[in-house]
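Participant: predicted model and sequence below, questions to follow.
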Amino acid sequence: MKIIIIGAGFTGTQLAKRLISERNDVVLIDSDEETVRHVSNRLDCMVIQASGNSLATLEEAGIAKADALVALTESDELNMITCSLVDSVYPKVTKIARVRNYDYYINSEKKGQDRPVYGIDHMIHPDIEAAEAIVSAVKNGAVTDVIDFENSAFELTRIAIQKGSKLDGIAVQDMRKYISTDFLLAFIEQGNQTTLPSGSTVLKSDNRLGIISRKEDIPHFLELCGSEVIAIKKIALVGAGRIGTKIADEFLSTNKTSKLFHFFGMRKKINEEFVIIDSDRSRAKEASERFPSAIVYRADITDEGFIEEEDLSSFDLVITATHNHELNMVTSAYMKSLGVSKTICLVLSGSYGLIARNIGIDVAVPIKDVIVDSILSHLRGKSVTGIHTVSEGELEILEFVLLEDSAVIGKQIKHIAEPGSFLILLIQEKGKTEFIVPSGDTTLEVGDKLVVIAYIKDNKHIMNKFGVGE
């Protein structure tokens, strides 16, 4: 594929790296001279210093032969204008734009029009993507990060094995002694190394397991790994910006106790349990007006006097969701040291997520990785419905539908297996509503939806094997 990316910031650069590793033809455009010089020395692709909303520049970059345009500048309007311009001349090019203005995003969802609104085929809202990831983690007790799969009762959770727990020291093939429900061990992390497991692999304390299981079975796996499952009754949300507001919306949509809190055993009203903290006067005022059932403080979260006065160390969960990712990490780590049971932290990328977990933070949500995954899911072809990067970028989970020209149609999984290269985690057979954990005897058919995990370095091979792509 040929992809033109407008904006060579962190997200644009990370997206370009992933696409280049898959041997795509990538052109990166940015107007800043220093940025272009820096990126040119790091990436093996064409980098152009120019304004991305110039048709002449785009034609020089090869827009006439491009498969997709991705607009990732810091300006919503520039991203939208660029896509609109390309749509007017090259309507067959897939156009993707990052847009932070929620009103633009909502308007883009309108259906029944011949052409996409603003000429944008897919609009990516980073704040919504990040907020949904944080809320998903809270729903699972804030003990692990979670990946949901579309229309599936299964989730992927990453759980650390505690020393002396039931899984400490046993082989993967012996896990069935303790688990009677459907599950699959997707990967094992040990230090900075990640592997796809075999039956003889021995599990050890401090290993982090990527486990596919039904949502209701997650507490059982947490118990087996030695993780404490607590009822989350008191939550503090640090940051009332765009992401914090979306998170609070999920929890405080009504004045009654939400289903989410009911799940964790809350008996009191939300306004006695949910606190929002922001140092900015206008954001704190807006949050107070928007969420009357919450207690809102205009305060500096680094002020020890405020922390002590409001007894924040007694809270069950602290979520740090400001746009200052370093502050999020420092605050979450400090809250853990004071005795807060669980912390969730918004970070920049997967590498920061690794640092966050190493300093004791329970869940780290890498906002840039979430955005790149969302964009890639729209670039891998119509049969691909979702992409998730895991293990700091080493592994990738693909959700896709098998097409009739796939070479694996009619074959059993055991006959196409490549141990150590990929694993088929879940399958939804055509016409069925439920996903299942497949066996080696499962036969693949046209229209089946698969969830597959593979090393990112091998994803081009895996996509070719299953007939996924353009």
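Facilitator: That came through, no problem. Numbering: from 1, shown residues only.
Participant: where do the helices sit along the stretch 201-350 of the chain?
Facilitator: Taking DSSP state H, counting those that start in this stretch, the helices of the stretch 201-350 of the chain run over residues 218-224, 242-251, 259-263, 281-290, 304-309, 325-338, 350-358.
Participant: Lys233 against Asp316, yeah?
Facilitator: Yes - between Lys233 and Asp316 there is a contact under C-beta atoms under 8 Å: 5.5 Å. To be clear about C-beta, it is placed using only N, CA and C from the backbone, and glycine gets the same treatment.
Participant: counting neighbours around each, name which of the two comes out higher.
Facilitator: Taking other C-beta atoms under 10 Å, Lys233 and Asp316 do not tie; Asp316 has more neighbours (19 against 16).
Participant: pLDDT value on the more buried one, please?
Facilitator: What the model reports for Asp316 is a pLDDT of 90.
Participant: equivalent analysis for Asp114, please.
Facilitator: What the model reports for Asp114 is a pLDDT of 58.
Participant: who does Val401 bridge with?
Facilitator: Here Val401 sits in beta bridges with Lys449, going by DSSP bridges.
Participant: my read: it touches Gly447, true?
Facilitator: Yes - using C-beta under 8 Å, Val401 and Gly447 qualify as a contacting pair, with a distance of 6.5 Å.
Participant: which one's more surrounded, these two?
Facilitator: Remark: of Val401 and Gly447, Val401 carries more neighbours, 19 against 14, as counted by other C-beta under 10 Å.
Participant: mind checking how far the more buried one is from Glu445?
Facilitator: 11 Å (C-beta to C-beta, to the nearest Å).
Participant: who's in contact with the spatially most central residue of the chain?
Facilitator: The residue lying closest to the centre of the chain (C-alpha atoms, centre = their mean) is Val370, at 3.8 Å. Contacts for Val370 (C-beta atoms under 8 Å, 6 or more residues apart in numbering) come out as 126, 129-130, 133.
Participant: now swap in Asp168 and tell me
Facilitator: Listed by C-beta under 8 Å, 6+ apart, the contact set of Asp168 reads 161-162, 203-205, 226.
Participant: so where is the chain shaky, pLDDT-wise?
Facilitator: Along the chain, the model assigns pLDDT under 70 to residues 105-116, 140-145, 228-229, 254-272, 391-393, 469-470.
Participant: switch to 50 and redo it
Facilitator: In the predicted model of the chain, residues 112, 255-272 satisfy pLDDT under 50.
Participant: domains in it, as residue ranges please.
Facilitator: Domain assignment for the chain by automatic domain parsing gives 2-124, 144-224, 231-370, 380-466.
Participant: out of the ones you listed, nearest to Ala137?
Facilitator: Proximity to Ala137 (C-beta to C-beta) singles out domain 231-370 among the domains of the chain, at 4.6 Å.
Participant: between the two ends of the closest one, how far is it?
Facilitator: For domain 231-370, the first and last residues are 28 Å from each other (C-alpha to C-alpha, to the nearest Å).
Participant: wait, Thr157 sits on Lys215?
Facilitator: No - with contact defined as C-beta under 8 Å, Thr157 does not reach Lys215; the gap is 9.2 Å.
Participant: out of those two, which sits in the busier spot?
Facilitator: For Thr157 versus Lys215, the count of surrounding residues by other C-beta under 10 Å is larger for Thr157: 24 against 15.
Participant: what sits against Val86?
Facilitator: When contacts are counted by C-beta under 8 Å, 6+ apart, Val86 is found next to 58, 63, 69, 93, 95, 119.
Participant: Thr385 - nearest residue in space that isn't next to it in sequence?
Facilitator: Take Thr385 and drop its neighbours on the chain: the residue closest to it by C-beta to C-beta, 6 or more residues apart in numbering is Glu399, 4.7 Å away.
Participant: please apply the same query to Ile212.
Facilitator: Spatial nearest neighbour of Ile212, chain neighbours left out: Leu184 (4.3 Å); criterion: C-beta to C-beta, 6+ apart.
Participant: ok, now Lys430?
Facilitator: Of all residues not flanking Lys430 in the chain, Gly447 sits nearest, at 3.2 Å (C-beta to C-beta, 6+ apart).
Participant: quick one: the one you found is in a strand?
Facilitator: No - with DSSP: H, G, I helix; E, B strand; the rest coil as the criterion, Gly447 is assigned coil and is not in a strand.
Participant: now do the contacts for Asn207.
Facilitator: Residues in contact with Asn207 (C-beta under 8 Å, 6+ apart) are 160-161, 188-190.
Participant: do you know how far it is from Asp373?
Facilitator: According to C-beta to C-beta, Asn207 stands 24 Å off from Asp373.
Participant: Lys465 now?
Facilitator: With C-beta to C-beta as the criterion, Lys465 and Asp373 are 21 Å apart.
Participant: out of the two, which sits in the more crowded spot?
Facilitator: Here Lys465 and Asp373 are set side by side on neighbour count (other C-beta under 10 Å), and the busier one is Asp373, at 21 against 18.
Participant: what residues are up against that one?
Facilitator: Residues near Asp373 by C-beta under 8 Å, 6+ apart: 387-389.
Participant: kindly report the same for Ile147.
Facilitator: The contact partners of Ile147, by C-beta under 8 Å, 6+ apart, come to 155-157, 388, 390, 397.
Participant: likewise for Asp217?
Facilitator: The contact partners of Asp217, by C-beta under 8 Å, 6+ apart, come to 181, 183.
Participant: quick check: the gap between Ala61 and Ala284.
Facilitator: If you measure Ala61 against Ala284 using C-beta to C-beta, the figure is 45 Å.
Participant: so these two - more neighbours on which side?
Facilitator: Under the criterion of other C-beta under 10 Å, the comparison of Ala61 against Ala284 puts Ala61 first, with 23 against 18.
Participant: surely that one is in contact with Ile48?
Facilitator: Yes - applying C-beta under 8 Å as the test, Ala61 and Ile48 come out as touching, 6.0 Å apart.
Participant: what is in contact with the two at once?
Facilitator: Taking C-beta under 8 Å, 6+ apart as the criterion, Ala61 and Ile48 both touch 27, 29.
Participant: now do the SS call for Lys17.
Facilitator: Three-state secondary structure (criterion: three-state DSSP) places Lys17 in helix.
Participant: nearest residue to it in space, please, no chain neighbours.
Facilitator: Closest residue to Lys17 apart from its sequence neighbours, by C-beta to C-beta, 6+ apart: Leu43 at 6.7 Å.
Participant: can you confirm that neighbour is in a strand?
Facilitator: No - for Leu43, which was evaluated using three-state DSSP, the result is coil, with no strand membership.
Participant: what's Thr94 sitting at in phi/psi?
Facilitator: Backbone dihedrals for Thr94, given as degrees, to the nearest 10, come out at phi -70, psi 130.
Participant: and it, bridged to which residues?
Facilitator: Thr94 has the following beta-bridge partners by DSSP bridges: Ala68.
Participant: for stretch 77-86, buried residues please.
Facilitator: Neighbour-count burial for stretch 77-86 flags 78-86 (criterion: 16 or more other C-beta atoms under 10 Å).
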